[in-house]
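> structure for the following, please:
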Amino acid sequence: MAKDKELAAEDKKAAKSKESSKNSGGISKWFKDLKLELKKVVWPDKKTVINNSIVVFAAMLAFAAYTFVLDKGFLWLFQFAISGKK
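Residues are numbered from 1 along each chain as shown. This is a model prediction of the structure:
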């Protein structure tokens, strides 16, 4: 709850600074805004990252196996067509 109030106060400060200095600030303003935006990000916990990584790895393996089987199937089909065996 306190963090939400803190973020709301920072948002108000950022809005005021944006209004007062729209054309000034340059790179330092960009970094300040970047810092404010990164504070708003909800970063995933370690368990979520691990679970998502496992899902991505499993999907990658499944698509690789599917591509392998499809490739071998087409190879067999073309070799059968070229050899003319019945």
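> identify the residues contacting residue 53.
Contact partners of residue 53, counting by Cβ atoms under 8 Å, 6 or more residues apart in numbering, are absent. Using the backbone N, CA and C atoms, a C-beta is placed for each residue, glycine as well.
> chain center to the helix or strand hosting it: distance?
Assigned by DSSP states H and E, residue 53 belongs to helix 46-83. Relative to its parent chain, helix 46-83 has a centroid offset of 22 Å by Cα atoms, centre = their mean, to the nearest Å.
> tell me the mean pLDDT for that helix?
Mean pLDDT, helix 46-83: 96.
> what count of nearby residues applies to residue 36?
Per other Cβ atoms under 10 Å, the neighbour tally for residue 36 reads 15.
> and it, how far is that from residue 11?
From residue 36 across to residue 11, the span is 8 Å (Cβ to Cβ, to the nearest Å).
> go on, residue 78?
Counting by Cβ to Cβ, the gap from residue 78 to residue 11 is 62 Å.
> same question, residue 48
Residue 48 is 26 Å from residue 11, by Cβ to Cβ.
> can you check residue 73 too?
Residue 73 sits 57 Å away from residue 11, going by Cβ to Cβ.
> swap in residue 67?
For residue 67, the distance to residue 11 equals 48 Å [Cβ to Cβ].
> same deal with residue 68?
Taking Cβ to Cβ, one finds residue 68 at 51 Å from residue 11.
> same question for residue 31.
Counting by Cβ to Cβ, the gap from residue 31 to residue 11 is 17 Å.
> ok, now residue 46?
29 Å.
> for residue 65, same thing?
48 Å.
> do residue 61 as well
On the measure of Cβ to Cβ, residue 61 and residue 11 end up 44 Å apart.
> residue 41 too?
With Cβ to Cβ as the criterion, residue 41 and residue 11 are 14 Å apart.
> tell me which of those two has more neighbours.
Of the pair residue 41 and residue 11, residue 11 is the one with more neighbours under other Cβ under 10 Å, namely 12 against 7.
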